[in-house]
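>>> Next input, structure requested:
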Amino acid sequence: MLSRLARLLLIAGVIVAPVGLVACGSDSKSSSDTERPGTSTGAESSDEEGQAGTEEYVIVPDSEVTAGLGELQRMGAAVVVAATAGNAKTAEVDSMYEKWGTFEGTIKQNEVELYLTLEDSLAGLRAAADKNDGPAAKTAMASFTEAADAYLAKHP
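Modelled structure (predicted):
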């Protein structure tokens, strides 16, 4: 049996907890929701209820995608070497994301599954660079290269 004080605290907790959760909520964008490089500005679609939909990405010619993927593979190889040596910097991968943002829309439009694999590979490479984990960086870049090659085979 609960004492009177324990029951009062329990009731107070039941009443106050939901109020605290509502007060902590926010419907504003967080700093991580900022626009990515290479995306078009202010061009979000809306669904029937007026909610913000998916971002629209810049679509570029296949030649730019080919050049961009080649550059990312060179940059990624340098990150693998640095992570293996124990001196990788996440800023190097952030530069890769900036380049990626200039042509990712074309890949997303043409090959969604490969787009997701490339995104996951970049995230894995960033995590490996953050930990200076050479084997993980190598695995992430191998996945990136495989997906890039598969994309280029379909869209030369």
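>>> least trustworthy helix or strand in the chain by mean pLDDT?
Within the chain, confidence by mean pLDDT, DSSP states H and E is lowest for helix 4-24 among all helices and strands, at a mean of 47.
>>> Next secondary structure element downstream of that one?
Downstream of helix 4-24, the first helix or strand assigned by DSSP states H and E is helix 62-85.
>>> For that next one, list every residue counted as buried.
65-66, 68-69, 72, 75-76, 79-80, 82-84 (16 or more other C-beta atoms under 10 Å). C-beta: built from backbone N, CA, C; applies to glycine.
>>> and whichever helix or strand comes after that helix with helix 62-85, angle?
Toward the C-terminus, helix 62-85 is succeeded by helix 90-100 as the next helix or strand (DSSP H and E). Angle of helix 90-100 versus helix 62-85, following axes from the mean of the first three to the mean of the last three C-alpha atoms, to 10 degrees, is 170 degrees.
>>> what sits against the nearest residue to Ala77 once chain neighbours are set aside?
Of all residues not flanking Ala77 in the chain, Met141 sits nearest, at 6.7 Å (C-beta to C-beta, 6 or more residues apart in numbering). Residues near Met141 by C-beta atoms under 8 Å, 6 or more residues apart in numbering: 73, 76-77, 79-80, 121, 125.
>>> what about Ala140, how many neighbours?
A count of neighbours around Ala140, defined by other C-beta atoms under 10 Å, yields 26.
>>> Isn't it up against Gly124?
Yes - here Ala140 lies in contact with Gly124, judged by C-beta atoms under 8 Å, at a distance of 3.6 Å.
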